[in-house]
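Sequence and predicted structure, then a few things I'm wondering about:
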Amino acid sequence: MGPQFYIESERSITPGNVVTYRFRTLQVSYRFPPLCFAFARSRMRSPGSVALDQRLAQTGKPANQQTRRSHMPVNRFSRRVTLALAAISVLFLLGFVRQSRGDKEANSEQVRIQRGFEIAPVSLNLGGKDRNLVGLGSYIVNTSGCIDCHTWPNWAPGGNPFLGEREQINTAVYLAGGRPLLNQPGVKSRNITPDPTFGLPAGLTLNEFMNVMHYGQDQQHPGRILQGMPWPVFGKKTDYELRAIYEYLRAIPSLPNNYQKPSNK
């Protein structure tokens, strides 16, 4: 239903052929799902209308005998103003909804970043690092099974939760590799801590790390596809999340290989 505009008025002719108008109502309504704009009934009275009321009261004649109702269309300017207000209200609502959604997403990421710092089992070197990426990377690494494969044994003595003990990660070999792969005899998980010379996780640049995570390309053996690492799963993460993992691995302590010979995983 489109907009409706009208002004209700009363006209009276007093002695001397003086025409007096008394404006009763200005009502504007506009329906636009799911919004409905309505301006309440209002009464606007001119000085002439007040005098008319007084004269009618003195004569004792009913007002309906002296007046005639009429409707005058509201001018085009009023319509444009009303439609403009409606459009502004719609845009404001859309912006508010979009802002609320953005706030929720931002709050969700901040929660994961904070949680990442809470569950990091080792001290972190944040110098020259993106703090938010480090926190998010910690959350991903420590909740996605990375420790299960790249920390061996997983638990410190007396810290195995599967035995009813209070959980304690084996930080002495945290992410230093060494876990034997049952389906690949002789193959062990690799050390993914920063190398002591350049501070690169597993000795990989960011681009090399991305190739490993997206395509499983073995950087130590060009042309070979990694078989033990679940790179098809991690490759589905966003580049932002993979950068966060890389940034976290840059921040953890550098440890020597937890195996005697180079691993093929």
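Nice, I can see it. Numbers count the residues shown, from 1 in each chain.

For this protein, which segments count as helices?
47-59, 63-66, 76-119, 131-141, 146-150, 206-215, 231-234, 239-251 (DSSP state H).

Now do G159 against S144, distance only.
Distance, G159 to S144, using C-beta to C-beta, to the nearest Å: 20 Å. C-beta: built from backbone N, CA, C; applies to glycine.

Isn't I119 up against Y139?
Yes - using C-beta atoms under 8 Å, I119 makes contact with Y139 at a distance of 7.2 Å.

neighbour count winner among the two?
Neighbours of I119 and Y139, each counted by other C-beta atoms under 10 Å, are more numerous for Y139; the result is 25 against 12.

Show me which residues of stretch 158-173 are buried.
Using 16 or more other C-beta atoms under 10 Å as the test for burial, stretch 158-173 gives N160, I169, N170, T171, V173.

Contacts for it, please.
Contacts with stretch 158-173, where a contact means C-beta atoms under 8 Å, 6 or more residues apart in numbering, come from P121, V122, I147, T151, W152, P153, N154, W155, A156, L255, N258.

let's go with 10 Å and repeat that
Contact with stretch 158-173 is made by 119-123, 142, 147, 150-157, 175-176, 179, 191, 193, 252-253, 255-259, as judged by C-beta atoms under 10 Å, 6 or more residues apart in numbering.

So for that stretch, first residue to last residue, what's the gap.
16 Å (C-alpha to C-alpha, to the nearest Å).

pLDDT averaged over it - what is it?
Average pLDDT, stretch 158-173: 97.

just stretch 212-228 next, same as before
On average, stretch 212-228 scores 89.

Residues contacting that stretch, please?
149, 179, 181-184, 187-190, 192, 202-205, 208-211, 229-237, 239, 241-242, 245-246, 262-265.

Now restrict those to buried residues only.
Among these, the ones that count as buried (16+ other C-beta under 10 Å) are 149, 179, 181, 187-190, 192, 202-204, 209-211, 229, 231, 234, 237, 241-242, 245-246, 263-265.

N258 - how many residues pack around it?
24.

Which residues are in contact with it?
Residues in contact with N258 (C-beta under 10 Å, 6+ apart) are 150-153, 170, 172-179, 188-191, 193.

Now, those residues that are in strands?
Among these, no member is found in strands (DSSP state E).

Number of residues surrounding I88?
The burial count for I88: 10, using other C-beta under 10 Å.

do you know how far it is from R80?
In terms of C-beta to C-beta, I88 sits 12 Å off from R80.

One more: N160?
Taken as C-beta to C-beta, the span from N160 to R80 is 74 Å.

just S189 next, same as before
70 Å.

count of neighbours near D130?
D130 - counted by other C-beta under 10 Å - has 15 other residues nearby.

Give me the residue ranges of the stretch 101-250 of the chain where confidence is low.
The stretch 101-250 of the chain contains residues with pLDDT under 70 at 101-106.

switch the cut-off to 90
Applying pLDDT under 90 to the stretch 101-250 of the chain flags the ranges 101-108, 145, 181-187, 218-224, 226-230.

Without its sequence neighbours, what residue ends up closest to N257?
N191 (4.6 Å; C-beta to C-beta, 6 or more residues apart in numbering).

Next, give phi and psi for the one you found.
phi -80, psi 120 (degrees, to the nearest 10).

Please apply the same query to D130.
Dihedral angles (degrees, to the nearest 10) for D130: phi -80, psi 110.
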